[in-house]
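Asker: Need a 3D model of the sequence below.
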Amino acid sequence: MTDTFTLAHLSDPHLPPLPAARLRDLAGKRALGYLNWTRNRHKYHRREVLDALVADMQAQRPDHIAVTGDLVNLALEAEFTPAQAWLESVGTPQQVTVVPGNHDAYVRATRHHFTGAFEQYLRGDAAADGAAFPFLRRRGPLALIGVSSAVPTLPLMATGRLGRAQLDALDRELAQLPPDEAFRVLLVHHPLHSTSRMKRLTDSKALRAVLKRRGAELVLHGHDHIHSTMWL
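Answerer: Numbers count the residues shown, from 1 in each chain. This is a model prediction of the structure:
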């Protein structure tokens, strides 16, 4: 009998409800995001639906859970403590791996709150101090590699970017992980291909080049809020 390892994937919970915001917190891009939430998004991101999904997932007793970003909505300081409590209810840092999404780095003022709040969930196995991208976590036969495409953007934009330093580090990491040694899973918020100029990963071509050169067995992402499968 062959042992199996079950990896569950959850993305873009956009945790409701949105906490009360002070007027000074809603300047610039957050003002548009707040308006979008109150007029539209709150109808779809319902807590009872999310709780039912998580309960069903946990009932299946997965060996590990990957969460690919957008835990919060406007990256208000008041959003991160409830998001921490929610993630702890999903599982421990040993059981859950997370990477940030664009909403987790919505504005420059709080762009680094995510890595501080969820450091234990995105710390690599060999990390001595703090969180850095890419990170590597070995869980059973899997090599989970987390990267961050989360960057603050202008209003009406939701693009992502890895950057040269992160791409070079990913290239080195994958080069040291031959496919016969581990099942390599890349975790990233933005998809590797998008038809939307406003939502795309701006250096996706460079990321695909790394994957073509070094290989990976699976890429898990979020962002698009649709079910999709791509073969590369």
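
Asker: can we go C-alpha only for contacts and neighbour counts from here?
Answerer: Noted.

Asker: Identify the residues contacting residue 179.
Answerer: 215, 216, 217 (CA atoms under 8 Å, 6 or more residues apart in numbering).

Asker: need the residues you listed in a markdown table with pLDDT, neighbour count and distance to residue 98, can you?
Answerer: Shown next, in a markdown table, are the contacts of residue 179 (pLDDT from 0 to 100; neighbours: other CA atoms under 10 Å; distance: CA to CA, whole Å):
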| residue | pLDDT | neighbour count | distance to residue 98 |
| --- | --- | --- | --- |
| 215 | 94 | 18 | 22 |
| 216 | 96 | 21 | 18 |
| 217 | 96 | 14 | 19 |
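
Asker: got any ranges where this protein has weak pLDDT?
Answerer: 1-2, 128-131 (pLDDT under 70).

Asker: Just the contacts of residue 179: which are in helices?
Answerer: Applying DSSP state H to the contacts of residue 179, no entry is found in helices.

Asker: Of the residues you listed, just say which sits nearest to residue 104.
Answerer: residue 216 (25.8 Å; CA to CA).

Asker: circling back to that earlier point, if we take the contacts of residue 179, which one ends up nearest to residue 65?
Answerer: Residue 65 lies nearest to residue 217 out of the contacts of residue 179, by CA to CA, at 17.0 Å.

Asker: Who's the closest spatial neighbour of that closest one, skipping the chain neighbours?
Answerer: In space, and not counting its chain neighbours, residue 217 is closest to residue 184: 5.3 Å by CA to CA, 6 or more residues apart in numbering.

Asker: Among the contacts of residue 179, find me the one that's closest to residue 158.
Answerer: Distances from residue 158 to the contacts of residue 179, taken by CA to CA, are shortest for residue 216, at 25.7 Å.

Asker: Check which helix or strand the nearest residue to that closest one once chain neighbours are set aside maps to.
Answerer: In space, and not counting its chain neighbours, residue 216 is closest to residue 184: 5.2 Å by CA to CA, 6+ apart. Using DSSP states H and E, the element containing residue 184 is strand 183-187.

Asker: burial of residue 100, as a residue count?
Answerer: 28 (other CA atoms under 10 Å).

Asker: Chain neighbours aside, what residue packs nearest to it?
Answerer: residue 69 (4.3 Å).

Asker: my read is the one you found is in a strand, agree?
Answerer: No. Under the criterion used here (DSSP: H, G, I helix; E, B strand; the rest coil), residue 69 is coil, not part of a strand.

Asker: Look at residue 165 and give its secondary structure.
Answerer: Applying three-state DSSP: residue 165 is helix.

Asker: what's the spacing between it and residue 96?
Answerer: 26 Å (CA to CA, to the nearest Å).

Asker: In terms of neighbours, single out the busier of the two.
Answerer: residue 96 (21 against 11).

Asker: Mind listing the residues bridging to the more buried one?
Answerer: Note on residue 96: beta-bridge partners by DSSP bridges are residue 65.

Asker: from memory it sits against residue 63, does it?
Answerer: No. Shown here, residue 96 and residue 63 do not form a contact pair, counting by CA atoms under 8 Å, at 9.3 Å.
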